[in-house]
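S.K.: Predicted structure and sequence below. I'll ask about it afterward.
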Amino acid sequence: MKTIRVSLGPRSYPITIGKGAIRSLPGGLKKFFPSDRYVILTNRTIARLYRPRIRRILKTTKPLGWIVIPDGERHKNPKTVAGIYERLVQLKADRKTGLVALGGGVVGDIGGFVAATWLRGIPYIQVPTTLLAQVDSSVGGKTGVDLSSGKNLVGAFHQPVWVLIDTNFLRTVPRREFLCGLSEVVKYGIIRDESFFRFLEKNIGKILNLDHNALIHIIGRSLKIKADIVSRDERESGLRSLLNFGHTLGHAIETLSGYRRIHHGEAVSRGMVYSAVVSYERGLCPMGVVDRIYNLLRKIGLPVRWPDYSKKAYARVMAADKKAVGEKIRYIGIRGIGRSVVLPLTVEEITRYL
Ligand SMILES: NC(=O)c1ccc[n+]([C@@H]2O[C@H](COP(=O)([O-])OP(=O)(O)OC[C@H]3O[C@@H](n4cnc5c(N)ncnc54)[C@H](O)[C@@H]3O)[C@@H](O)[C@H]2O)c1
Ligand SMILES: [Zn+2]
């Protein structure tokens, strides 16, 4: 088992990664929660697949109850949160009650938000079950829910007390979701670590075959990069924005496609290729860098071309993006693989090469 630490002073916490790591959940509950009272939040899909096994593991350390929500991003909203609060009242959850968020990024974001707000904050453990959640959303303390007018509009920063990652969960993740997680993995290599990017180029076959050692390695390297960035910029005042590489165009593609047809990781994959093109066109990096990114994403099976909405349409949704600062957007470019930089650009400058 591998351990990574997120260093945030009194809010520091460890991440445990391993095949079969879920067996250490009972020990972690004792170690990281202030009392033996806790609840498990999950969704119907994961409950169906994993509740029997996890119940067996927790035979001597039973939760107050399981709170099972419906599956899907469309349930990541204040109504679901209100329903969870009601269940917490019924279960007599108090300030010393812990919450375990067992699921993908949707369950993790909702669980984190409930933990941030229930009785003004209770401790929670993330047990992420998709690759995206394992390499991204479970670490960093961003929690929240969507409104009908936009994604993640209501939220709070609230760090978990522990993140427990078991690669066995990945065996049942739908292929398309798995590839979406890989999109974020590639992102970490591009923004921060050329040797990691090279590892991905060499070992992509093993990774796509769910070789556990390869998976543990890439999750570990990804989270080390994320943990390092979050430790130095918990609330996204600077450095943390490097994690948005590929996301400016990615978010625009998601918005324009109405979120349904194109998944987040697929939109980010296209956005990353485009960011490389922008970097090349502005003289920051050679064409070879664009080619390496394009080829790796292609090999993985991720889409690499942006849909041909008009430049105007792209510009309009980018300007509405909440990350715009005055006239300029903190666009992320690269000088090479592993060397990302913040480029303050206007939407006209960003969309010029589409
Ligand atoms: N907080 C952050 O920093 C952060 C970062 C990135 C993304 N996010 C959020 O994460 C969410 C997306 O997360 P996601 O991609 O994990 O989506 P998700 O949680 O919707 O999971 C995708 C699908 O896989 C299913 N699933 C999960 N684990 C499974 C397993 N082991 N086996 C079979 N099926 C499984 C889920 O039920 C769901 O149907 C978005 O809401 C996004 O805003 C948050
Ligand atoms: Zn992302």
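M.R.: That came in fine, so what should we check first? Ligands and ions are numbered 1, 2, ... in the order given.

S.K.: chain center to the helix or strand that contains residue 53: distance?
M.R.: Using DSSP states H and E, the element containing residue 53 is helix 44-57. Its chain's C-alpha centre and that of helix 44-57 lie 22 Å apart, by C-alpha atoms, centre = their mean, to the nearest Å.

S.K.: Mind listing what's buried along that helix?
M.R.: 45, 46, 47, 50, 51, 54 (16 or more other C-beta atoms under 10 Å). Backbone N, C-alpha and C define where each C-beta goes, glycine included.

S.K.: so what secondary structure elements neighbour the following helix or strand past that helix?
M.R.: Next helix or strand after helix 44-57 toward the C-terminus (DSSP H and E): strand 65-69. Counting by 3 or more C-beta pairs under 8 Å, 6 or more residues apart in numbering; DSSP states H and E, the packing neighbours recorded for strand 65-69 are strand 38-43, helix 44-57, helix 78-90.

S.K.: ok now do residue 20, which residues does it touch?
M.R.: 166, 168 (C-beta atoms under 8 Å, 6 or more residues apart in numbering).

S.K.: Now the phi/psi pair for it, please.
M.R.: phi 80, psi 10 (degrees, to the nearest 10).

S.K.: Distance-wise, check it relative to ligand 1.
M.R.: 14 Å (C-beta to the nearest ligand atom, to the nearest Å).

S.K.: How is the chain divided into domains?
M.R.: Domains of the chain are assigned by automatic domain parsing as 2-172, 175-351.

S.K.: So what's the residue count around the residue of the stretch 151-300 of the chain found nearest ligand 1?
M.R.: Closest residue of the stretch 151-300 of the chain to ligand 1, C-beta to the nearest ligand atom: residue 172 (3.5 Å). Residue 172 sits with 12 neighbouring residues when counted by other C-beta atoms under 10 Å.

S.K.: Now do the helices in this protein.
M.R.: 25-32, 44-57, 78-90, 105-117, 131-132, 175-192, 194-208, 212-232, 247-256, 264-281, 287-300, 311-320, 347-351 (DSSP state H).

S.K.: got a markdown table for those helices, with distance to residue 160 too?
M.R.: Shown next, in a markdown table, are the helices of the chain (distance: least, C-beta to C-beta, whole Å):
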| stretch | distance to residue 160 |
| --- | --- |
| helix 25-32 | 9 |
| helix 44-57 | 17 |
| helix 78-90 | 17 |
| helix 105-117 | 7 |
| helix 131-132 | 16 |
| helix 175-192 | 18 |
| helix 194-208 | 24 |
| helix 212-232 | 12 |
| helix 247-256 | 23 |
| helix 264-281 | 21 |
| helix 287-300 | 29 |
| helix 311-320 | 31 |
| helix 347-351 | 34 |
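
S.K.: Spatially nearest residue to residue 191, not counting backbone neighbours?
M.R.: Excluding its sequence neighbours, the residue lying closest to residue 191 (C-beta to C-beta, 6 or more residues apart in numbering) is residue 340, at 3.9 Å.

S.K.: give me the number of residues near the residue nearest to residue 286 when sequence neighbours are not counted?
M.R.: Take residue 286 and drop its neighbours on the chain: the residue closest to it by C-beta to C-beta, 6+ apart is residue 280, 7.1 Å away. The number of residues packed near residue 280 is 19, by other C-beta under 10 Å.

S.K.: and what of residue 35?
M.R.: Neighbours of residue 35 (other C-beta under 10 Å): 13.

S.K.: got it, and residue 152?
M.R.: 15.

S.K.: Please tell me I have it right and it contacts residue 145.
M.R.: Yes: if you go by C-beta atoms under 8 Å, residue 152 and residue 145 touch, sitting 7.4 Å apart.

S.K.: what is in contact with the two at once?
M.R.: residue 109.

S.K.: Excluding chain neighbours, what is closest to the residue of the chain most remote from its centre?
M.R.: Most distant residue from the mean C-alpha position of the chain: residue 60, 31.7 Å away (C-alpha atoms, centre = their mean). Closest residue to residue 60 apart from its sequence neighbours, by C-beta to C-beta, 6+ apart: residue 26 at 7.0 Å.

S.K.: I'd like the distance between the one you found and ligand 1.
M.R.: Distance from residue 26 to ligand 1, by C-beta to the nearest ligand atom: 20 Å.

S.K.: Make 13 the first number, not 1, from now on.
M.R.: Will do, 13 is the new start, and the previous item becomes residue 38.

S.K.: Tell me, what's the model's pLDDT at that residue?
M.R.: Residue 38 carries a pLDDT value of 98.

S.K.: For residue 101, see how far away it is.
M.R.: Per C-beta to C-beta, to the nearest Å, residue 38 is found 26 Å from residue 101.

S.K.: I appreciate the help and will end here.
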